[in-house]
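S.K.: My questions concern the predicted model and sequence given below.
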Amino acid sequence: MAETILSGIRPTGNLHLGHYCGAISQLVELQNKGSYDNFFVMIADAQALTDNAKNVDKVKNNVIQVAIDLISAGIDPNKVTIFIQSQVPQLHEMTDYFLNLVTLSRLKRNPTVKEELKQRGFENSLPVGFLTYPVSQAADILAFSTTLVPAGDDQNPMLEQCREIVHTFNSTYASIFTMPKIMLPSSKTQARLPGLDGKLKMSKSAGNGINLCDDEATVKQKIMNAYTDPNHIKVSDPGQIEGNVVFTYLDVFCKDEHFAKYLPDYKNLAELKEHYRRGGLGDVKVKIFLNNILQELLTPIRAKRAELENNIDNVYDMLFENGKKMRKIAQAKIEQMHDAMGINYLKYRK
Ligand code: TRP
């Protein structure tokens, strides 16, 4: 059976390299494999509002930016339907009925939500909508009969909750929902790119990332300031690779052909690392090499972005049309849901 793929992303900031290698490159790969019936990417603005209710502008300004980032980074709008969550109000109705099938204690046990609550420091100010967003996420997935959800491992608990909802709904009413599966990134490094400051994760809130929309000079400057080995002071000092952000990025982005092009004194990354460990290789040289590699990746993304920004109405038109298309699919599912639940009393009264 061919898959229906859906992924979602909260529009709370510009996308960065962490998103690129953790999520977007996986989506692009899947898109190009072509073994699916439908491929949807949702910009989850309603979910982003669950902890930004008084900060609508932050979400609003990023919706179109995220759409631009996705397309610039290789998502092909002819193959993938990019849409905005709030354009599909059926999702809210579906969420409402699902909420009756989930207990409060189950919601409080969701490990990702627990972690987020800790980070955000909600104590007595926890918005109900935030606690229940995993249920609304189940609606995002089920409204479009999704079978496969590409996502990071932090989304595992969401999928687990979604699967429980499928089970409860199907056994309580009628089997109208199929069990979705998560699809995790293929490698660990890709799953979590560290920040430029050496912190575990690149994130918009920590401001330690390279954004896909950063200009050439900004990217270079960020790389030049990146965390390496604090004990590698003189060029002649032996250096450490572990925890050295520049080498971690090279592990992810560098290919042998980059050496021939930008650093022909070495054949491959193993040789470069060996020299760094031994001593005699300065950080600047390695950073310039990384900068060349990342600029090569980001230059076409930037060019595509400029092109989209010059024709911004096309992006809005696309989102508008895709909203219509997704409403239609979700409405059909809502009607199945009404039938299953027996709340279709007026169905034949047209
Ligand atoms: N929770 C996801 C995130 O924080 C975003 C999201 C919303 C999502 N709805 C989804 C992901 C449906 C996958 C499927 O990134």
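M.R.: Great, that's in hand.
S.K.: what about the residue of the stretch 251-350 of the chain found nearest the ligand, is that helix, strand or coil?
M.R.: Across the stretch 251-350 of the chain, no residue is closer to the ligand than Met326, which sits at 12.6 Å (CB to the nearest ligand atom). Where C-beta positions appear, they are placed from N, C-alpha and C, glycine not excepted. Three-state call for Met326 (DSSP: H, G, I helix; E, B strand; the rest coil): helix.
S.K.: Number of residues surrounding it?
M.R.: Using other CB atoms under 10 Å, Met326 has 22 other residues around it.
S.K.: for it, what are its contacts?
M.R.: Applying CB atoms under 8 Å, 6 or more residues apart in numbering, we find Met326 in contact with Phe40, Thr81, Phe83, Gln87, Val88, Phe144.
S.K.: One more: Thr4?
M.R.: Thr4 is in contact with Tyr36, Asp37, Asn38, Phe39, Phe40, Phe144, Ser145, Thr146, Thr147, Leu148, counting by CB under 8 Å, 6+ apart.
S.K.: Show me what the strand or helix carrying Leu91 is packed up against.
M.R.: In this assignment (DSSP states H and E), Leu91 forms part of helix 90-99. On a contact count with 3 or more CB pairs under 8 Å, 6 or more residues apart in numbering; DSSP states H and E, helix 90-99 meets helix 133-142, helix 312-341.
S.K.: quick one on the thing from earlier: if any of the contacts of Met326 are buried, give me the ChimeraX selection for them.
M.R.: The ChimeraX selection below is limited to those of those classed as buried (16 or more other CB atoms under 10 Å):
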select :40,81,83,87,88,144
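S.K.: May I see the contacts of Met326 arranged in TSV, with pLDDT, distance to Phe253 and secondary structure as well?
M.R.: Putting the contacts of Met326 into TSV (pLDDT from 0 to 100; distance: CB to CB, whole Å; DSSP: H, G, I helix; E, B strand; the rest coil) gives the following:
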residue	pLDDT	distance to Phe253	secondary structure
Phe40	98	28	strand
Thr81	98	29	strand
Phe83	98	30	strand
Gln87	98	35	helix
Val88	98	36	coil
Phe144	98	33	coil
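S.K.: possible to save the contacts of Met326 as CSV with distance to Thr218?
M.R.: Below are the contacts of Met326 laid out as CSV (distance: CB to CB, whole Å):
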residue, distance to Thr218
Phe40, 32
Thr81, 32
Phe83, 30
Gln87, 33
Val88, 36
Phe144, 37
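S.K.: give me the subset of the contacts of Met326 touching the ligand.
M.R.: The overlap between the contacts of Met326 and the neighbours of the ligand (CB under 6 Å from any ligand atom) is empty.
S.K.: Tyr20 contacts Gly74, doesn't it?
M.R.: No - with contacts counted by CB atoms under 8 Å, Tyr20 stays clear of Gly74, the gap being 9.1 Å.
S.K.: Look at the residue of the stretch 251-350 of the chain closest to the ligand and report its pLDDT.
M.R.: Here the pLDDT value assigned to Met326 is 98.
S.K.: do the same with Thr189
M.R.: At Thr189, the pLDDT recorded in the model is 53.
S.K.: about what we covered before: with respect to the ligand, which of the contacts of Thr4 is nearest?
M.R.: Once CB to the nearest ligand atom is applied, the member of the contacts of Thr4 that ends up nearest the ligand is Thr146, at 7.5 Å.
S.K.: coming back round to it: so which of the helices and strands packed on helix 90-99 has the densest surroundings on average?
M.R.: helix 133-142 (a mean of 26; mean count of other CB atoms under 10 Å).
S.K.: gap between that one and the chain center?
M.R.: 16 Å (CA atoms, centre = their mean, to the nearest Å).
S.K.: Can you list the helices and strands that it packs against?
M.R.: Checking 3+ CB pairs under 8 Å, 6+ apart, helix 133-142 ends up next to strand 3-9, helix 45-49, helix 90-99, helix 111-120, helix 156-172.
S.K.: Same question for stretch 179-194: list its buried residues.
M.R.: So stretch 179-194, judged by 16+ other CB under 10 Å, has buried residues Pro180, Ile182, Met183, Leu184, Pro185, Gln190, Ala191, Arg192, Leu193, Pro194.
S.K.: Quick one: end-to-end length of it, please.
M.R.: Using CA to CA, to the nearest Å, the end-to-end distance of stretch 179-194 comes to 33 Å.
S.K.: what's it in contact with?
M.R.: 17-18, 21-23, 25-26, 30, 141-142, 146-153, 155-156, 159, 162-163, 166-167, 200-202, 245, 248-249, 251-252.
S.K.: And the buried ones among these, selectable in PyMOL?
M.R.: Those of these that count as buried under 16+ other CB under 10 Å are selected in PyMOL with:
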select buried, resi 17+18+21+22+23+25+26+30+141+142+146+147+148+149+150+151+152+155+159+162+163+166+202+245+248+249+252
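S.K.: Run through the protein and note the low-pLDDT ranges.
M.R.: For the chain, the stretches with pLDDT under 70 are 1, 188-191, 350.
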